[in-house]
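S.K.: quick check, what structure comes out for this input:
(4 chains)
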There are 2 protein chains.
Amino acid sequence: MMPRRSYDQYCAVARALDTVGERWTLLIVRELLAGPRRYTDLHADLPGVSTDVLASRLKEMERDGLVTRRRLAPPGAAYVYELTRRGRELFAVLGALAEWGAEELRDPRPTDAVRAHWAALPLMRHLAALPGVPSGVVEVRLDEGAFHIELGDGGPSYADGPAERPDAVLALPPGALHDLGGTLPADGAKVTGDGPLADALRGA
Amino acid sequence: MMPRRSYDQYCAVARALDTVGERWTLLIVRELLAGPRRYTDLHADLPGVSTDVLASRLKEMERDGLVTRRRLAPPGAAYVYELTRRGRELFAVLGALAEWGAEELRDPRPTDAVRAHWAALPLMRHLAALPGVPSGVVEVRLDEGAFHIELGDGGPSYADGPAERPDAVLALPPGALHDLGGTLPADGAKVTGDGPLADALRGA
DNA sequence: CGGCATCCGTGACGATACTG
DNA sequence: CAGTATCGTCACGGATGCCG
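M.R.: Numbering: from 1, shown residues only, chains lettered A, B, ... in the order given. Model (predicted):
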């Protein structure tokens, strides 16, 4: 785990930053929290990263035990990158950062790139913190795209795109992305579904 | 809050990293969580940082509302840097990073710098997570130095050096620093004090 | 002496082009 | 599609100088 440039401090925070403190690393983890991703898809959802930096970060993360590189099954055989258990444990770090950074989302910039699933992390934390929310899959539909959140005992997770069989569908009006800085938007949100999860979302 | 180099992504994590993602920034926050610090003391407890980088980080952090620069009272009038409320809210981020990075402390490196108060963050989280621990001040004595932890309702905090009037003193044997990767060490630890906090520590 | 600012060498980063 | 190669630029780290 010795990076090229270490802080060389016997401190847990410094050690963590030795591994994930470099530019782009935590944003790659953010993308991979949505599930396995191919190189090109990662590059597409990380606007601004150059190809060589993305390649070298992935190699470092593989060496450090954060991701694994796996070949997909023959029909459409490609390489995908996937988080290891250790990599998934960064969820708490990403969650804390998202909560802290949500405040800065109040001023959108015209140069900002936007992806629907970037809202999943704050929304997930919000849903998981609600009292008495049952397990299940919530599909979230936004103007910019869709993603789905799985609330379960093994901790929540999310993935890009629509869900296969959602327990509830949360449809948000256009422009809603700019309002949900980590909070569940009440105005204009429509919840579909008839299970306990959908009821809980309607009650919130 | 627009740094020279922004990720330009409408994402809470990316926004947080725009502000605190650069090298040394979060370690400066770690130091200032121990209380107000002068420039020279910061430089001494951040081995490896160059003088110009420390100066420019402090300026950026002041511009971004993380720290304030204040002049001390005339006897020994110097400038100190102090976290704002927004800066202190990074405590959760540091805590999550410390918990994740504690695992890497199992292999100490001979080039590692060591400071006693770097152990405060993991130890604090551990103590605050114990069930039924009362409020109060714990002084922790190590071979490398001492610090004290204040457990209270407004969230825990720590500071360098001994406490003025500790409710409990936790004395750790030499070399204990390498064992407490976030856990309270039981072997050879001596708890002094007779209040409920000392009793709770003895029971843990 | 504390608190930086300046200069400089090295390495990381970003954009584009190119290859298996 | 999945990277590697090349190159200009900028950030970082170390040393030194300045100024109260």
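
S.K.: would you say A:Ala34 is within a helix?
M.R.: No - assessed by DSSP: H, G, I helix; E, B strand; the rest coil, A:Ala34 does not belong to a helix; its assignment is coil.

S.K.: kindly report the residues of chain A close to DNA strand C.
M.R.: A:Arg4, A:Arg5, A:Glu22, A:Arg23, A:Trp24, A:Gly48, A:Val49, A:Ser50, A:Thr51, A:Asp52, A:Val53, A:Ser56 (C-beta under 7 Å from any atom of the strand). Backbone N, C-alpha and C define where each C-beta goes, glycine included.

S.K.: switch the cut-off to 6 Å
M.R.: Residues of chain A lying near DNA strand C by C-beta under 6 Å from any atom of the strand: A:Arg4, A:Arg5, A:Glu22, A:Arg23, A:Gly48, A:Val49, A:Ser50, A:Thr51, A:Asp52, A:Val53.

S.K.: so which of those residues also contact DNA strand D?
M.R.: Of the residues in those, proximity to DNA strand D by C-beta under 6 Å from any atom of the strand holds for A:Arg5, A:Thr51, A:Asp52.

S.K.: state the distance from the last one to A:Lys59.
M.R.: Counting by C-beta to C-beta, to the nearest Å, the gap between A:Asp52 and A:Lys59 amounts to 11 Å.

S.K.: quick one: buried residues of the top helix by length along chain A?
M.R.: Secondary structure of chain A per DSSP state H: the longest helix is helix A:51-63. Of the residues in helix A:51-63, those buried under the neighbour-count criterion (16 or more other C-beta atoms under 10 Å in any protein chain shown) are A:Leu54, A:Arg57, A:Leu58, A:Glu60, A:Met61.

S.K.: and stretch A:101-117, does that touch chain B?
M.R.: Yes - with C-beta under 8 Å from any C-beta of the partner chain as the criterion, chain B is reached by stretch A:101-117 at A:Gly101, A:Ala102, A:Glu104, A:Leu105, A:Pro108, A:Arg109, A:Thr111, A:Asp112, A:Ala113, A:Val114, A:Arg115.

S.K.: most widely separated two among those residues?
M.R.: Farthest apart among the residues of stretch A:101-117 next to chain B by C-beta to C-beta are A:Ala102 and A:Thr111. That separation is 19.2 Å.

S.K.: these two: who's more crowded?
M.R.: Under the neighbour definition other C-beta atoms under 10 Å in any protein chain shown, A:Ala102 and A:Thr111 were set side by side, and A:Ala102 has more, 22 against 10.
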